[in-house]
Structures are given as structure tokens and as C-alpha cells.
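Enquirer: Make a model of this:
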Amino acid sequence: MFHELTIGGVLVSPFVAYAMAALAILLLLRPLLRLIRFERVFANPPLAEAGIYVCILALLIVLV
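Expert: Now for the predicted structure:
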């Protein structure tokens with residue numbers, strides 16, 4: 001079970017920590033996506049990347 005984080009005396013929801021972790025994972029994946037020419041497969045690459053972010057976030061919430 002993941003509990004609230006305390007940053008400077010302010011309680012931070014676990015969702016915020018998951019969102020930051022998902023963003024970090026996505027930023028690590030971006031060079032790999034560029035290497036496999038991810039943007040050529042989709043008509044709207046930023047929207048597809050946002051979808052990957054949501055999938056990563058959902059996986060973190062379910063698995064942790």
C-alpha cells in the first residue's frame with residue numbers, strides 16, 4: 001500500500017507520485033521511440049505519446 005508523501009509539510013496524493021513516475025518512464029522511452037521511428041506510424045504522434053503515458057500511468061497504479 002502506498003501512503004501519502006510529505007513534501008515540506010504538505011501531503012501529496014499517491015496519484016501525483018505515480019504521474020511523476022510515469023512521466024519519468026515516458027521520458028526514458030522517448031529516445032527508443034525516436035529510434036524505431038514511432039512518429040511515422042501514427043497520424044498524430046503527440047496524441048499517441050499521450051496514450052502511452054496514460055497506459056504507463058494505469059500500469060503503475062494497478063501494479064504498485
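Enquirer: Show me what counts as buried in stretch 53-64.
Expert: By neighbour count on 16 or more other C-beta atoms under 10 Å, the buried set for stretch 53-64 is 53, 56-57, 60. Backbone N, C-alpha and C define where each C-beta goes, glycine included.
Enquirer: And for stretch 9-26?
Expert: Per 16+ other C-beta under 10 Å, stretch 9-26 contains these buried residues: 17-19, 22, 26.
Enquirer: Quick one: list the elements packing against the helix or strand hosting Leu33.
Expert: In the assignment (DSSP states H and E), Leu33 maps to helix 14-35. The contact analysis (3 or more C-beta pairs under 8 Å, 6 or more residues apart in numbering; DSSP states H and E) places helix 14-35 against strand 5-7, helix 45-63.
Enquirer: weakest of those by average pLDDT?
Expert: Note on those: lowest mean pLDDT is at strand 5-7, with a mean of 80.
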